[in-house]
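Undergrad: What follows is a protein structure lacking sequence information:
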């Protein structure tokens, strides 16, 4: 059970853009890491683009399961995990992250924000905290 990516995006008009993201690509071959990270960024944006405001969904993409939550205010979160990772835990994590992000980052900054301009350092910590290091059994 693994989490690979946790991102916060803004579903604006006309397009979706990434505000902040954390990745764990350590299980991949060194030479594959950057392309896998790009794939995860692209997939997260695409899923948010195709999701309605106020919706939650889990979408299978290749061997990954992408869990998306788009709030009514346009703030969205995506967790990319493997197929074994519990869906309920992913949505709990998304609720927590989006709630905290919206308290720490002003709504005025969402439409024009980018990973370089948004200050929110908690994603890496959450990704590692929710990583299942020792599967039960």
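TA: Sure thing, it's come through. Since we're looking at a predicted model, the values are computed, not measured.

Undergrad: so how far is residue 75 from residue 125?
TA: Distance of residue 125 to residue 75, given as CB to CB, to the nearest Å: 19 Å. In short, each C-beta sits where N, CA and C put it, glycine included.

Undergrad: Between those two, which is the more surrounded one?
TA: residue 75 (23 against 10; other CB atoms under 10 Å).

Undergrad: On the strand side of things, show who the more buried one bridges to.
TA: residue 10 (DSSP bridges).

Undergrad: Tell me if I'm right that it and residue 101 touch.
TA: Yes - Residue 75 is within contact range of residue 101, at 6.9 Å (criterion: CB atoms under 8 Å).

Undergrad: which residues are common contacts for the two?
TA: Residues touching both residue 75 and residue 101 (CB atoms under 8 Å, 6 or more residues apart in numbering) are residue 8.

Undergrad: Please, where are all the helices along this protein?
TA: All helices of the chain, identified by DSSP state H, fall at 33-50, 87-104, 122-129.

Undergrad: want to throw these into TSV with mean pLDDT?
TA: Formatted as TSV, these follow (pLDDT from 0 to 100):
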stretch	mean pLDDT
helix 33-50	96
helix 87-104	97
helix 122-129	95
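
Undergrad: Nearest to residue 56 among the ones you listed would be which one?
TA: Of all the helices of the chain, the one in closest proximity to residue 56, counting by CB to CB, is helix 87-104 (6.2 Å).

Undergrad: Quick check: buried residues in that closest one?
TA: Buried residues in helix 87-104, defined by neighbour count with 16 or more other CB atoms under 10 Å: 89, 90, 91, 93, 94, 97, 98, 101.

Undergrad: Give me the contacts around it.
TA: 3, 6, 8, 19-20, 56, 58, 65, 67-69, 71, 73, 75-79, 81, 119-120, 122-123, 126, 130.
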